[in-house]
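Colleague: fold the following, please.
(chains A and B)
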Amino acid sequence: DVKVTQSSRYLVKRTGEKVFLECVQDMDHENMFWYRQDPGLGLRLIYFSYDVKMKEKGDIPEGYSVSREKKERFSLILESASTNQTSMYLCASTLGQGYGYTFGSGTRLTVV
Amino acid sequence: DQQVKQNSPSLSVQEGRISILNCDYTNSMFDYFLWYKKYPAEGPTFLISISSIKDKNEDGRFTVFLNKSAKHLSLHIVPSQPGDSAVYFCAATPLNAGGTSYGKLTFGQGTILTVHP
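Modeller: From the prediction side, this is the model:
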């Protein structure tokens, strides 16, 4: 049973702080993704990675960066948190095309 | 540019009746479609999928219909149960994009389904 684990369920950070969201998967998946979920906007792709040290921008990468130093770990970094980055952040992994995603439980981030 | 659209933000249904959730897409490259269900404070979980070579796929109480010419799919839940109350996301991907999509999914805005006892 594939597990995707996000290190924090809830986070409260101050404006301007650097924020790290961690995601670990245990099934040797090549591809990992970071989405944010906002009411009325659905799930929007921030960044994804298809291999160690490889990354590509999604639809809304501004204000974010990512790191993938090991295959099982994909980190999302908010360089300088702002209130409009208050959201639910979801990490997902997949074997590839046609396999669908396994999601983590999400991190509810509030920036004050 | 919303390539996958769920135009109904919410749907309310009586227990035992049918729930029909709709989804439209604009990208002709999409050929594999999935539905995910999400409870509050949890990650989405896979529900059912359909390939563009089919027009219907059934799994227990859940059936997904695909109308390629209209670029429309729908999820039917029969009979609806209170435990089905959740947010439902439609997602699409170009399965035959030559390996360049990396399994990336494009999601709709979601529909909040409420099933009343």
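Colleague: chain A against chain B: which residues are in contact?
Modeller: A:4, A:9, A:30-31, A:33, A:35, A:40-45, A:48, A:50, A:56, A:90, A:92, A:94-106, A:108 (C-beta under 8 Å from any C-beta of the partner chain). Every residue, glycine included, has its C-beta placed from N, CA and C.
Colleague: and those residues, which are buried?
Modeller: Burial by neighbour count, 16 or more other C-beta atoms under 10 Å in any protein chain shown: within the residues of chain A next to chain B this picks out A:4, A:30-31, A:33, A:35, A:42-45, A:48, A:50, A:90, A:92, A:94-95, A:97, A:99-104, A:106, A:108.
Colleague: tell me where chain B has strands.
Modeller: Ranges of strands in chain B, per DSSP state E, are B:4-5, B:10-14, B:19-25, B:32-38, B:45-51, B:56-59, B:62-67, B:72-77, B:86-93, B:106-107, B:111-116.
Colleague: chain A: which of these is closest?
Modeller: Among those, the nearest to chain A by C-beta to the nearest C-beta is strand B:106-107 (4.0 Å).
Colleague: ok, the closest one: who's next to it in the sheet?
Modeller: Strand B:106-107 sits in its sheet next to strand B:86-93 (antiparallel), going by DSSP bridges.
Colleague: export stretch B:109-117 as PDB, just CAs?
Modeller: Below are the C-alpha coordinates for stretch B:109-117, written out as PDB (Å, rounded to 0.1, in the frame of the first residue of the first chain):
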ATOM      1  CA  GLN B 109     -12.600  23.000  -9.500                       C
ATOM      2  CA  GLY B 110     -14.500  20.300  -7.500                       C
ATOM      3  CA  THR B 111     -18.100  19.700  -6.700                       C
ATOM      4  CA  ILE B 112     -19.200  19.500  -3.000                       C
ATOM      5  CA  LEU B 113     -21.700  16.600  -2.800                       C
ATOM      6  CA  THR B 114     -24.000  16.500   0.200                       C
ATOM      7  CA  VAL B 115     -26.200  13.400   0.700                       C
ATOM      8  CA  HIS B 116     -29.000  14.000   3.200                       C
ATOM      9  CA  PRO B 117     -30.300  11.100   5.300                       C
END
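Colleague: residue contacts, the closest residue to chain A within chain B?
Modeller: Residue nearest to chain A within chain B: B:Gly43 (3.3 Å; C-beta to the nearest C-beta). Taking C-beta atoms under 8 Å, 6 or more residues apart in numbering or on different chains as the contact definition, B:Gly43 lies against A:4, A:90, A:92, A:103-106.
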